[in-house]
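Participant: Quick one, what's the 3D model for this:
(one chain, ligands or ions: 1)
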Amino acid sequence: MSKGWKFIDNKGTFELEAPQRSSFLYFPLANEAGMMSSVTPTLNGDIKTGQNTFFNLPVSSEDLHNIKSNRNFWIYIEGSGAWSAVGASSIQNARLFDKETEEKVTLQAGFLWHKVTRENGRLGVRAEITSFVPANQHKIELMRVTITNIGGGTLKFTPTAAVPVYGRSAESVRDHRNVTSLLHRVYVVREGIEVQPAMTFDERGHKLNKISYNVYGIDEGRNFPLGAFPLEEEYIGEGGCLEWPETVVSNKRNCRMEGQTIDGYETVGALRFRDCELAPGDSKTYIIAMSVTGDRTSEKADILEHFNAEGFEKLLKDTGEFWEEMLGKISFKSRDEQFVAWMKWVSLQPILRRIYGCSFMPHHDYGKGGRGWRDLWQDCLALLLMETETVRNQLLNNFGGVRLDGTNATIIGKGPGEFVADRNNISRVWSDHGVWPFFTTLLYLNQSGDFDFLFEEQTYFKDRLVMRSSNIDKEWTPWYGSKQKCENGNIYTGTILEHILIQNLAAFFNSGEHNNIRIENADWNDAFDMAAQKGETVAFTAFYAGNLTELSILLIRIKEIRGIGQLEVAAEMAVLFDTLSGGIDYDDPKAKNKLLKQYYETCVHNISGKKISLDIQKVSEDLKIKGQWLSKHISENEQVRSEEGYQWFNGYYDNAGLQVEGQKASGVRMTLTGQVFPIMMGVASTEQVNNAVKAVNRYLYDSVLGSYRLNNNFNELKLDLGRCFGFAFGHKENGAVFSHMTVMYSFALYRQGFVSEGYEVLKSLYDISTNFDRARVYPGIPEYINERGRGMYHYLTGSASWLMLLLLTEVYGVRGASGNLLIQPKLKKEQFDKRGTAEARTVFAGRAIKLVYNNSRQLDFGQYKITNITAGGKKISCHMTDGAAIIGRTDILEFDPHVESTIEVELA
Ligand code: G1P
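Facilitator: Below is the predicted model of the structure:
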């Protein structure tokens, strides 16, 4: 077993020996200004600020070991020759598997910095390279290189920093790589080089460009480079390469000097520093900056202000503190200290996805930045646990993407609430999209008690697609704009509640022939995308069932809180509350579809703008009937069994209109998704949950991998369900351990009180992600674990948000309940430390809270209950209900907003 990373302090800093001996390792360096880097132990990985502004060559995971051409720092040692301080030289690669000559490399990383130390005993040299992206307003990555003489004699060397500058759109890697290099204008300046392409050629057209890609260097004595070798072909020499550049290898000295310009070539930020002589034990430090600036001048003074050894140290410290503060808001303490630190890395992940979107990491070599609709909402789960107040606006803006037919914009712009009409004529509809906004909003309402939010007005998104993209609004043109209008030409707005109702009601009526909700172009499983005609998602039907039921309860709550009897919605929507006027037969899917069509026909182009007032109690009952109908339908009709006698939920219908799961001629077929949502949403009875758990353990648990697969092996290329069956089994959406669904499975079990079962699932995921020998990822949760046990698509995954939600609100049991604070721990005995304590830090009602559980008798879940609660040593009034303690929001608001308050909970 290879030695994995280990945490070396209580701040989450970890260390890994010989990181170069693991492929595919990469680490994120980023800031909120939009600098997005990835860095590997050999300082490969790319730097970019967006799809059209890649500082260096975009890399995919395979490029990490095949092309080692990104950041480099060379020294030409007198008497020995060229040595790469990052290990990216042909000779170092050649010696990789040789115990005698392989270099000693150690990696350390923290929030958010990356340090690699590389030692070559034979040459008597050590390099320590620290990289980070300062948490400030600049798009800049900094790198500090310290060369130390660890030999017995004098070390004489010539240093050259070498960072290739690609400086253009990712699209140009294949499309006119050469032509776009002709646009380059390179300026040799005092600090290094600036590459400012004259124009940009990309999908936006041919435009004048101002953006500049800069490589600056300075040594510890504040000396700038002597000059540069900016022409890549000149730098590498005829027949050379970035891993063996002639300029360095032959120690050429003819660098270009400040004031020179070079036009029209591929570029490298190869900066030559003056020769250095180090006595044994002495060191010399260099700072290199890679920045992307709006032009060549405006940010320069600001960047240069801290561009020295002291400035580097200060920015590094500030950056550490920035992340510490950001991530310190939610944390946990339990017996397993490694788990606690690991969770800290998990809590970074939702923030990373806010910055990188679902693109721009080596495995995430697709997309152009931004996130899809469901990811947008799910990431908010964790973000709103950390910063409830600021997320309000984001939620409000997000609702502007909902269409009147209950679907939503597919393209989400960069700015808040910016939705873009699809220019590529993609008319896909994901059947799950309607569930997430309410799920997230409900968390927000419970955390904040801000029920007014539901009555905020918001616009609707409009483009040419109508009736769940089955039709086109022929009257719509881009000049109409992307906001729904009324007949009088005014932009139509409705309450947030109205938006939520439309999303969930439209789905309810959109049933397939088996009376579950149609899968349309896919659901959560993006790769179940080939069953649009006859496919149904029972899994998400269960989710909608839960939503409708919760909505019905919410309306009663609103009625009480606001003292209102009526609810105002768009007049056209009245038909959707069919039980208010006689009702249709829900057993007949065609009747449902007909009613939906009736509604859709009233809002093809403009909407009347008229509102109708409905009795809130009756609306609540209508939703309840619908929710219950769906639940009953699923639990009575969608149970399947195997010959061995296991019983579970069928989650899907394929495009032949057949149940996907159960005992088939080819064997048993089962999905985890099909079990998760009926359990999570309370559709499954206790017996059904028990049965499903047994079946999951039998058919989806893999004892070799040590966790639960997304599906078992269907052993067929199921073209009537989705493209994922083209993936080899055990990979991605075809049967990998897909973290997101596994976390949701655990969440569902905890939510229904199946704590031991939920704990096993959670633990399996943690164990499998931290088993470095197989997973080979840094701390955090990867999107999935493949057939070989390797962690894939690290960092940018919705599972991180869900894991935080699970830990805080279920396992540690701290969450909002209509704005009050609910405490209901579901901790197992082994999660308490030796003294019987477990802690969670969170923010609630703007107050920093440390919750301490005292279980001095070391009781297990089920054996303890809350016996006493104190805040700041004084007993606090609380109300007990179903084993949970509820502390009123007003009591919490009395806590000092400037310091952390401690709530102690006795368990006995
Ligand atoms: C990814 C996508 C997500 C999708 C899932 C399954 O999951 O981002 O939208 O639902 O694959 O297809 P992630 O782990 O990133 O949440």
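
Participant: so what pLDDT did Phe97 get?
Facilitator: We have a pLDDT of 86 for Phe97.

Participant: no, scratch that, I was asking about Ala94
Facilitator: pLDDT, Ala94: 83.

Participant: Number of residues surrounding the residue of the stretch 751-900 of the chain found nearest the ligand?
Facilitator: Scanning the stretch 751-900 of the chain for the residue nearest the ligand gives Gly798, at 2.8 Å (criterion: C-beta to the nearest ligand atom). For every residue, glycine as well, the C-beta is placed using N, CA and C. Other residues lying near Gly798 total 29 when counted by other C-beta atoms under 10 Å.

Participant: Please verify my assumption that it contacts Thr742.
Facilitator: No - using C-beta atoms under 8 Å as the test, Gly798 is too far from Thr742 to be in contact (11.9 Å).

Participant: picking up where we left off before, quick one: contacts for the residue of the stretch 751-900 of the chain closest to the ligand?
Facilitator: Contacts for Gly798 (C-beta atoms under 8 Å, 6 or more residues apart in numbering) come out as 353, 374-375, 378-379, 740.

Participant: Also near the ligand: which of those, exactly?
Facilitator: Among the contacts of Gly798, the residues lying close to the ligand (C-beta under 6 Å from any ligand atom) are 374-375, 740.

Participant: Tell me the most packed of the residues you listed, by neighbour count.
Facilitator: Neighbour max across the ones next to the ligand among the contacts of Gly798 (other C-beta under 10 Å) = His740, 23 neighbours.

Participant: Looks to me like that residue is in a helix.
Facilitator: Yes - remark: His740 belongs to a helix, assigned using DSSP: H, G, I helix; E, B strand; the rest coil.

Participant: What about the contacts of Gly798, which are in helices?
Facilitator: 353, 374-375, 378-379, 740 (DSSP state H).

Participant: Same list, those, but as TSV with distance to Asp578 please.
Facilitator: Shown next, in TSV, are the ones in helices among the contacts of Gly798 (distance: C-beta to C-beta, whole Å):
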residue	distance to Asp578
Arg353	39
Arg374	28
Asp375	33
Gln378	31
Asp379	35
His740	35
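
Participant: Same list, these, but as JSON lines with pLDDT please.
Facilitator: Shown next, in JSON lines, are those (pLDDT from 0 to 100):
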{"residue": "Arg353", "pLDDT": "93"}
{"residue": "Arg374", "pLDDT": "94"}
{"residue": "Asp375", "pLDDT": "93"}
{"residue": "Gln378", "pLDDT": "94"}
{"residue": "Asp379", "pLDDT": "91"}
{"residue": "His740", "pLDDT": "98"}
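
Participant: Just the closest of those to the ligand, please.
Facilitator: Nearest member of the ones in helices among the contacts of Gly798 to the ligand, counting by C-beta to the nearest ligand atom, is His740, at 4.1 Å.

Participant: Starting from Leu226, give me the distance back to the closest one.
Facilitator: For His740, the distance to Leu226 equals 52 Å [C-beta to C-beta, to the nearest Å].

Participant: Thr130 too?
Facilitator: 24 Å.

Participant: Look at stretch 893-903 and report the distance between its end residues.
Facilitator: Distance between the two ends of stretch 893-903: 13 Å, counting by C-alpha to C-alpha, to the nearest Å.

Participant: residue in the stretch 401-550 of the chain nearest to the ligand?
Facilitator: Closest point on the stretch 401-550 of the chain to the ligand, by C-beta to the nearest ligand atom, is Asp526, at 3.5 Å.

Participant: List the contacts of that residue.
Facilitator: By C-beta under 8 Å, 6+ apart, the neighbours of Asp526 are 430, 733.

Participant: Might you calculate how far the worst-scoring helix or strand of the chain on mean pLDDT sits from the centre of the chain?
Facilitator: Scoring the helices and strands of the chain by mean pLDDT, DSSP states H and E places strand 411-412 at the bottom, with a mean of 78. From the chain centre to the centre of strand 411-412 is a distance of 16 Å (C-alpha atoms, centre = their mean, to the nearest Å).

Participant: Residues of the stretch 701-850 of the chain that sit close to the ligand?
Facilitator: 733, 740, 783, 797-799.

Participant: Among those, which are located in strands?
Facilitator: Among those, no residue falls in strands (DSSP state E).

Participant: which among those residues gets closest to Ser635?
Facilitator: Closest approach between those and Ser635, by C-beta to C-beta: His740, at 24.6 Å.

Participant: From Phe540, how far out is that closest one?
Facilitator: 14 Å.

Participant: about what we covered before: give me the contacts around the least confident helix or strand of the chain.
Facilitator: So strand 411-412 is contacted by 370-373, 376, 401, 418-422 (C-beta under 8 Å, 6+ apart).

Participant: switch to 10 Å and redo it
Facilitator: 357, 368, 370-373, 375-376, 398, 401, 418-424, 426, 463, 482 (C-beta atoms under 10 Å, 6 or more residues apart in numbering).

Participant: just to revisit the earlier point, just name the closest of the ones in helices among the contacts of Gly798 to His898, please.
Facilitator: Closest to His898, out of all of the ones in helices among the contacts of Gly798 and judged by C-beta to C-beta, is Asp379, at 28.8 Å.

Participant: Around the residue nearest to the closest one when sequence neighbours are not counted, count how many other residues there are.
Facilitator: Among residues not flanking Asp379 along the chain, Pro350 sits closest, at 4.9 Å (C-beta to C-beta, 6 or more residues apart in numbering). Using other C-beta under 10 Å, Pro350 has 25 neighbouring residues.

Participant: SS state for Pro350?
Facilitator: helix.

Participant: Over to Lys11?
Facilitator: coil.

Participant: my read: it touches Gly320, true?
Facilitator: Yes - between Lys11 and Gly320 there is a contact under C-beta atoms under 10 Å: 8.1 Å.

Participant: and the longest helix that the chain contains, is it in reach of the ligand?
Facilitator: Ranked by number of residues, the top helix in the chain under DSSP H is helix 538-562. No - interface with the ligand: helix 538-562 contributes nothing (C-beta under 6 Å from any ligand atom), its closest point being 11.3 Å away.

Participant: In the stretch 551-700 of the chain, what residue spans correspond to strands?
Facilitator: 566-570, 611-615, 639-641, 647-649, 652-653, 662-664, 667-669 (DSSP state E, counting those that start in this stretch).

Participant: typo on my end, it should be the stretch 751-900 of the chain
Facilitator: Under DSSP E, counting those that start in this stretch, the stretch 751-900 of the chain gives strands at 784-785, 791-792, 814-817, 820-823, 837-844, 847-854, 866-871, 874-875, 879-881, 884-887.

Participant: is it possible to export the ones you listed to a markdown table including mean neighbour count and mean pLDDT?
Facilitator: Formatted as a markdown table, the strands of the stretch 751-900 of the chain follow (neighbours: other C-beta atoms under 10 Å; pLDDT from 0 to 100):
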| stretch | mean neighbour count | mean pLDDT |
| --- | --- | --- |
| strand 784-785 | 27 | 98 |
| strand 791-792 | 24 | 98 |
| strand 814-817 | 22 | 96 |
| strand 820-823 | 22 | 98 |
| strand 837-844 | 21 | 96 |
| strand 847-854 | 19 | 97 |
| strand 866-871 | 16 | 96 |
| strand 874-875 | 8 | 93 |
| strand 879-881 | 11 | 93 |
| strand 884-887 | 19 | 97 |
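
Participant: Output those strands in CSV; the columns should cover distance to Leu43.
Facilitator: Shown next, in CSV, are those (distance: least, C-beta to C-beta, whole Å):
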stretch, distance to Leu43
strand 784-785, 27
strand 791-792, 21
strand 814-817, 41
strand 820-823, 46
strand 837-844, 35
strand 847-854, 38
strand 866-871, 49
strand 874-875, 54
strand 879-881, 56
strand 884-887, 50
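
Participant: who wins for proximity to Ala289 among the ones you listed?
Facilitator: strand 791-792 (31.5 Å).

Participant: Just the residues contacting the closest one, thanks.
Facilitator: 24, 61, 363, 731-732, 736-739, 768-772, 774-778, 780-786.

Participant: go with 7 Å
Facilitator: 363, 769, 775-777, 782-786 (C-beta atoms under 7 Å, 6 or more residues apart in numbering).
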